[in-house]
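Undergrad: could you work out the structure for the sequence below:
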Amino acid sequence: PSPRTWYSGMVPGLIARRYSADDCTIDVAALAQAAGVPLRLGRAVALDPQARVVTLADGERIDYDLLSINTGPVQDRDRLPGAREHALFVRPIEGFVDLWQRTLALAEERPLALVVIGSGAAGVELALAARAALGARHSITVVCDGPLLAAYPPAVGAMAQAALKRANVQLLPGRCTEVQAHHVVVGSMRVSCDVPLLATGSDAPAWLAGSGLALDDAGFVRVGPTLQSASHPEVLAAGDIIVRDDAPHPRSGVYAVRAGPALAANLRALVGGGPLAPYAPQRRSLNLLALGNGRAIASWGSWSAQGWLMGWWKDRIDRAFMARWRDQPKK
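TA: Below you'll find the model as predicted:
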C-alpha cells in the first residue's frame, strides 16, 4: 500500500526519538526498480484462488499464476468496543507513526495520560519509548491482562517490570473491556486516558476469510514445509500471516525474515523447475527488547541479560539488517 515499508523492530526506537523515519523504513519502490519488476501500490480486499484473481481496493483485478501472500497481520478494530473511534492502533505502522506525531504536538500543550493496552513485547517497548519521548510530566500506564511478557521466561518479565518501575510507568492488572472518549474501562474502573494505545495481539486480515484458502480457526493461512498453501499449492505465504501445523512457532519478525530465502527459492523453483526446499523454523530465537533509553533485555531460551551492551547489540543488528536493503544496484 505504500512505496516504503516500516521495520517494526526499530519503531520503538523511533518513538523514543533515537531513530529517524529514514532509519526505520525500506524503500520498496527503489528495490522494485532495482529488481526490474513493476510495483503496484494498493491494498488487497479479496482473493479468488479458483479463478486465480486478486482484487484491490480500487476494484482492479490482477490475474496470477503464482501468488505469494506476505502482508503480515492486522489489528481487529472492532474487537474492543470503542477502540475504532478512540484508540491509537499500532498497526498499520505508517498510520500509527503519523498519529503519534499528533500526540507529540498535543503533549507540548498539556500533560497527557497515556494508557497502553497490551502487556506483550510491543506494549512494554512502546510504553518505555513513550516515556523517553514525553518526559516525566505525563502519566503512562500499561494494562496487564495476565502476566507481563507472558510469552517470555519469568526472568525477562521481572526485568521488564523493574524497567517500567524505574521509568515511572504504572502497571494496572486487569482486562480492558471498553475504550471511551476520555477513559478506558478496566474491570469495574474507569481510568482517565487521553491517548489509548492499542498494542494487543495480531489478527489475520479479514479479506482472507472468504477466499477458500485453508485457514486455521483464527483466519491465518495454513502452509506446509515449502510454504505452499495447504489447499492451493500455487499460493505461497510467509511471515506473521501463516500458521504451520507441522512446525508451530511464534509470530515474530525473526521467523518471517528467516523464511524469506526459502520462499524466494521455492517461487523460483515453481517457475523454472527443480525441487522445492522446506523451511524449518529454528527451535528458539534471540529476542531483544528495547527499554527506551538505549538499554535492552536480551533472551535466548532460558538465558537472559540486560544493560547498555544489550542495547548496543540490538542497535547493531537492526542497523545492519536495514543496511542490506539500501544502495541496491540497478539491473
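Undergrad: next one: the one helix or strand V11 maps to to chain centre, how far?
TA: Applying DSSP states H and E as the criterion places V11 in helix 11-15. Remark: helix 11-15 is offset 13 Å from the chain centroid, using C-alpha atoms, centre = their mean, to the nearest Å.
Undergrad: okay, buried residues for it please.
TA: V11, P12, G13, L14, I15 (16 or more other C-beta atoms under 10 Å). For glycine as for every other residue, the C-beta is placed from the backbone atoms N, C-alpha and C.
Undergrad: and if you look at stretch 146-163?
TA: So stretch 146-163, judged by 16+ other C-beta under 10 Å, has buried residues L148, L149, Y152, P153, V156, G157, M159, A160, Q161, A163.
Undergrad: equivalent analysis for stretch 209-216, please.
TA: Within stretch 209-216, the residues scored as buried using 16+ other C-beta under 10 Å are S211, L213, A214, L215.
Undergrad: now for the helix holding V11, which elements pack on it?
TA: helix 21-24, helix 93-109, helix 121-134 (3 or more C-beta pairs under 8 Å, 6 or more residues apart in numbering; DSSP states H and E).
Undergrad: just say which of those helices is most tucked in.
TA: Ranked by mean neighbour count under mean count of other C-beta atoms under 10 Å, these are led by helix 121-134, which reaches a mean of 24.
Undergrad: poorly predicted segments of the protein, please.
TA: By pLDDT under 70, the low-scoring segments of the chain are 327-331.
Undergrad: just give me the longest helix of it.
TA: helix 253-272 (DSSP state H).
Undergrad: could I get the buried residue list for that one?
TA: Residues of helix 253-272 classed as buried: V254, Y255, A256, R258, A259, A262, L263, A265, N266, L267, L270 (neighbour count, 16+ other C-beta under 10 Å).
Undergrad: and that helix, what does it pack onto?
TA: Using 3+ C-beta pairs under 8 Å, 6+ apart, helix 253-272 sits against strand 235-237.
Undergrad: check which element follows the strand it packs on along the chain.
TA: For strand 235-237, the succeeding helix or strand toward the C-terminus, using DSSP H and E, is strand 242-243.
Undergrad: packing partners of that next one?
TA: strand 221-222.
Undergrad: how close does the residue lying closest to E125 once chain neighbours are set aside sit to R316?
TA: Leaving aside its chain neighbours, E125 sits nearest to P12 (4.0 Å; criterion: C-beta to C-beta, 6 or more residues apart in numbering). P12 is 16 Å from R316, where distance means C-beta to C-beta, to the nearest Å.
Undergrad: same check, this time on D216
TA: Applying C-beta to C-beta to D216 and R316 gives a distance of 36 Å.
Undergrad: now do the same contact list for the residue lying closest to G292 once chain neighbours are set aside.
TA: Closest residue to G292 apart from its sequence neighbours, by C-beta to C-beta, 6+ apart: L128 at 3.5 Å. Contact analysis of L128 by C-beta atoms under 8 Å, 6 or more residues apart in numbering lists P12, A16, A163, L164, A167, V169, A290, L291, G292, N293.
Undergrad: from these, pick the one nearest P49.
TA: Using C-beta to C-beta, P12 is the member of the contacts of L128 that lies nearest P49, at 36.7 Å.
Undergrad: that closest one and A127 touch, don't they?
TA: No. P12 is not in contact with A127 according to C-beta atoms under 8 Å; the separation is 9.3 Å.
Undergrad: how about A133, what does it touch?
TA: With contacts taken as C-beta under 8 Å, 6+ apart, A133 has the following neighbours: I15, A16, R17, L104.
Undergrad: now those in a markdown table, with distance to R110?
TA: Shown next, in a markdown table, are these (distance: C-beta to C-beta, whole Å):
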| residue | distance to R110 |
| --- | --- |
| I15 | 20 |
| A16 | 21 |
| R17 | 20 |
| L104 | 13 |
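Undergrad: nearest to I297 among those?
TA: A16 (14.9 Å).
Undergrad: wait, that closest one sits on L291?
TA: No. At 9.1 Å, A16 does not count as touching L291 under the criterion of C-beta under 8 Å.
Undergrad: those two: which is more packed in?
TA: Taking neighbours as other C-beta atoms under 10 Å, A16 and L291 compare with L291 leading, 28 against 22.
Undergrad: let me know the angle separating the host helix or strand of V143 from helix 121-134.
TA: If you go by DSSP H and E, V143 is part of strand 139-144. With axes from the mean of the first three to the mean of the last three C-alpha atoms, to 10 degrees applied, the angle from strand 139-144 to helix 121-134 works out at 180 degrees.
Undergrad: thank you, goodbye.
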